[in-house]
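*Asks:* Test case, fold it:
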Amino acid sequence: MNSIQYLYSIETRGIKLGIQRTREIMVACNNPQIGLPSIQVAGTNGKGSVCAMLSNIFIAAGYKTGLFTSPHLVTMNERIRINGLLIPNEEIDLFVQTYKKDIEKIKATFFETITAMAFWYFKKETVDICILETGLGGRLDSVSICEPMATVITPISFDHLEILGETLPKIAFEKAGIIKNGVTCISSQQDSSATKVLIEEADKKGSPIHFLNSENILEYMVNIPGEAQKENAKLAVLTLKHLNNFYIPKTAVMNGLKTVQWYGRNQLIQKNPLVIFDVAHNIESMRSFLKYYDSLNVSEDSVLIIALQDRKQIRSLSSIFKITFKYIICTETTGHHPMPADVLKKHFDNGRYIKTIQNPEKAIQYGLKKLTSHGGMAIIGSHYLGPAVSKMFKIYFDRC
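*Replies:* Numbers count the residues shown, from 1 in each chain. All right, here's what the predicted structure looks like:
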């Protein structure tokens, strides 16, 4: 079993919220998080995009920049990058060989181990700054072991209700867990109930908090399409304004946003006929995607390929999906708790053009046969669709 296979094998340990095991594995790795310059980003939607934008801006400004995100689309290496380049397999081998006994002793989960490896790699390579995407929630997430110079919170909405809570204030409380004592927090505009919680938690920790507002104007072009991405870019730019430790000229901001790539976000796979890939997997992100897809003005029939993880709820959007897409093909992926295709189909109350094809590659093949030259196809719902998209269209997600 090689190192990557070993790491995948410990995914069976599942998700265990809490940072005690993370503290233990960090100690085993000589606490690489201590003194490591970082920015931590949490939120429900857009946090990966904001991380990618911040990373690319720092790279454009000449800083050696680490980026830790999750989940990946095809390879585990995608989660850990320096200046856009994936962590090499040799570094993963070195980490596992050095710390495997500790990982086993602590019974660290996959995510806890990957988080430790990211910090270890960034410290080993002496990055100037690293951008860290929170995995789930914030208060009990492994990434919150960091010592950031700023924390960032993207829009908070309903997702992972079974873990984070079923009300917006409860979810906001978990996300607010990334706020550190005396460390500035920058937030998107939020629902009033979420705003109240964030302000209360920031006050408790003596942390200044700044909210994006309608007066924030984006002066730059963003390489990721969609209105939501413009808001993400505004949040990234506002964050930079509250950092005093780095010199980021306007040209770096412009070039960073103009060249940023973040796969699976309104990603154009092909033009003729149109194929778009998006990992939207909750109500708000899907609503945002539908708004973007509508703006493309597809003139002929559209096809939807969709897969979800278990417990996701999209029934409130089913009527919009059925208006936008003539053909809806429900499929399923591997990975954590996939929703069976026949269960997903029930979200759409059946219909003449709703079909189940369990294998996502075959689902895409079927969808392509239904496409006309001026039609469109959307592939959405899960990061775990990444391997099928990569294989079917011969594209890769290893550069950003």
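
*Asks:* residues touching Lys175, list them.
*Replies:* 42-44, 134, 137-139, 153, 156, 198 (Cβ atoms under 8 Å, 6 or more residues apart in numbering). Any C-beta I mention is one placed from the backbone N, CA and C, and that applies to glycine too.

*Asks:* helix or strand for it, which one?
*Replies:* helix 168-175 (DSSP states H and E).

*Asks:* CA atoms only for that helix - export them in CSV, please.
*Replies:* Below are the C-alpha coordinates for helix 168-175, written out as CSV (Å, rounded to 0.1, in the frame of the first residue of the first chain):
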residue,chain,number,x,y,z
LEU,A,168,-29.0,30.1,10.8
PRO,A,169,-27.9,31.4,14.2
LYS,A,170,-26.6,27.9,15.2
ILE,A,171,-24.8,27.5,11.9
ALA,A,172,-23.4,31.1,12.2
PHE,A,173,-22.1,30.2,15.8
GLU,A,174,-20.2,27.3,14.4
LYS,A,175,-18.7,29.3,11.6
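
*Asks:* how about it: buried residues?
*Replies:* 168, 171-175 (16 or more other Cβ atoms under 10 Å).

*Asks:* Can you lay out the contacts of Lys175 as TSV showing neighbour count, secondary structure and distance to Ile15?
*Replies:* Output for those, formatted as TSV (neighbours: other Cβ atoms under 10 Å; DSSP: H, G, I helix; E, B strand; the rest coil; distance: Cβ to Cβ, whole Å):
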residue	neighbour count	secondary structure	distance to Ile15
Ala42	30	strand	16
Gly43	24	coil	18
Thr44	24	coil	17
Thr134	29	coil	13
Gly137	22	coil	10
Gly138	25	coil	14
Arg139	19	coil	14
Ile153	30	strand	21
Ile156	28	coil	20
Leu198	22	helix	24
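
*Asks:* His281 contacts Gln309, doesn't it?
*Replies:* Yes - the criterion here is Cβ atoms under 8 Å, and His281 meets it with Gln309 at 6.8 Å.

*Asks:* overlap in contacts of those two?
*Replies:* Ser382.

*Asks:* So for those two, which residue has more residues nearby?
*Replies:* Legend: neighbour count by other Cβ atoms under 10 Å for His281 and Gln309, higher for His281 (22 against 18).

*Asks:* Please enumerate residues in contact with stretch 212-227?
*Replies:* 49, 52-53, 186-189, 229-235, 237-238, 253-254, 257-262, 265-266, 268, 288-289, 291-292.

*Asks:* now the residues you listed: which count as buried?
*Replies:* 49, 52-53, 186-188, 229-235, 237-238, 253, 257, 260, 262, 265-266, 288-289, 292.

*Asks:* What about the residues you listed, which are in helices?
*Replies:* Per DSSP state H, helices hold the following members of the buried ones among the contacts of stretch 212-227: 49, 52-53, 229-235, 237-238, 253, 257, 288-289, 292.

*Asks:* could you pull out the helices for the stretch 51-200 of the chain?
*Replies:* Ranges of helices in the stretch 51-200 of the chain, per DSSP state H, counting those that start in this stretch, are 89-106, 110-124, 161-164, 168-175, 192-204.

*Asks:* just the contacts of Lys175 now: which is nearest Ile328?
*Replies:* Thr44 (24.8 Å; Cβ to Cβ).

*Asks:* Tell me how many other residues crowd the residue nearest to that closest one when sequence neighbours are not counted.
*Replies:* Sequence neighbours aside, Ser157 is the residue nearest to Thr44 in space, at 4.5 Å (criterion: Cβ to Cβ, 6 or more residues apart in numbering). Using other Cβ under 10 Å, Ser157 has 18 neighbouring residues.
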